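Asks: Need a 3D model of the following:
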Amino acid sequence: MDATGLETRPVSEHSGRRRGNGSGHRQRARSKLTAVLHIHSHWIIGAVNGLGPSQDSPGFAPALRQATALVTLSTVLADAGHDAEHNHRLCCDELGIERSIIALNPRNTGRRWPKTPDRRTLHKHFPQALYHQRWHIESGFSQHKRRLGSALRARGHQAQQRELILRVLTHNLMILRSRQRK
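Replies: Sure, this is the predicted structure:
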C-alpha cells in the first residue's frame, strides 16, 4: 500500500525546470492516489483519491476496506507515512488481516520505543525481508504512470476524481490484456 501524486496539468520537463522551486509561485494542490496493490498480479485492488501534498495515513482505511471487500489479505505492507496504531488495529481487529507491517515513523520525538503494543512488537521484530516486497507498489505506480502518463486531463476536482478511478480500471484492464496475449 502506498500513495502517489499526479500532476493536475501536463507540464513539459523544460517548463518545470525553468520555473524551478524558488520562483515564488505557490505549490498547487495535486491529485493523490492511495492504492492497495496485489503483489502477485500487480492489480490495484483498492484505490482512494484525494488532494496532496498531504499525509498518507487518512487514505489507509478506505483503500484497505475496498481491497478486503474484493480479496482476502493476510499481510499488508506500508511505508512510514501510514504508521499509526489505529491502522494496525484496523488491520487486526476489524479486517482480520494477520500481519500489518508498517515501517515505524519516529515522529521526531526522540523516543526509541513506541508506546503502543502493536508498534512496539513491530519495532522489536521487524521483518525486513518481507517489508522489502514493497518494491511491488512502487513498480505498479511506475507502470501506471508510464502507460497512462503522470498528468490528469480533467480540470475540475470532481472530474479529476472520476478520471483517477477510470485510470485504475484501465491499469487493471491493461494488465489483464497483456496476460491474455502470453
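Asks: And the strands in this structure?
Replies: Using DSSP state E, the strands of the chain run over 2-6, 30-37, 44-52, 75-78, 99-102.
Asks: Check those strands for me and report the most buried one.
Replies: Stretch with highest mean neighbour count among the strands of the chain: strand 30-37 (a mean of 23; mean count of other CB atoms under 10 Å). (C-beta placed from N, C-alpha, C; glycine too.)
Asks: ok, back up a step: for the strands of the chain, give me JSON lines that also has distance to Arg155 and mean pLDDT.
Replies: Below are the strands of the chain laid out as JSON lines (distance: least, CB to CB, whole Å; pLDDT from 0 to 100):
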{"stretch": "strand 2-6", "distance to Arg155": "13", "mean pLDDT": "88"}
{"stretch": "strand 30-37", "distance to Arg155": "11", "mean pLDDT": "89"}
{"stretch": "strand 44-52", "distance to Arg155": "14", "mean pLDDT": "88"}
{"stretch": "strand 75-78", "distance to Arg155": "31", "mean pLDDT": "90"}
{"stretch": "strand 99-102", "distance to Arg155": "35", "mean pLDDT": "84"}
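Asks: so can I have a markdown table of the ones you listed showing distance to Arg177?
Replies: Below are the strands of the chain laid out as a markdown table (distance: least, CB to CB, whole Å):
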| stretch | distance to Arg177 |
| --- | --- |
| strand 2-6 | 22 |
| strand 30-37 | 18 |
| strand 44-52 | 15 |
| strand 75-78 | 27 |
| strand 99-102 | 32 |
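Asks: can you pull the contacts of the spatially closest residue to Gly52 that is not a sequence neighbour?
Replies: In space, and not counting its chain neighbours, Gly52 is closest to Lys32: 3.5 Å by CB to CB, 6 or more residues apart in numbering. Going by CB atoms under 8 Å, 6 or more residues apart in numbering, Lys32 touches 3-6, 49-54, 59.
Asks: again, only using 10 Å
Replies: 3-6, 48-54, 56, 59, 164 (CB atoms under 10 Å, 6 or more residues apart in numbering).
Asks: do you know how far Pro127 is from Thr116?
Replies: For Pro127, the distance to Thr116 (CB to CB, to the nearest Å) stands at 18 Å.
Asks: again, but for Thr75
Replies: 20 Å.
Asks: next one: Pro53
Replies: Using CB to CB, which is the criterion applied here, Pro53 is 27 Å from Thr116.
Asks: Count the residues that sit near His38.
Replies: Using other CB atoms under 10 Å, His38 has 18 neighbouring residues.
Asks: Find the nearest non-adjacent residue to it, please.
Replies: Ile45 (5.0 Å).
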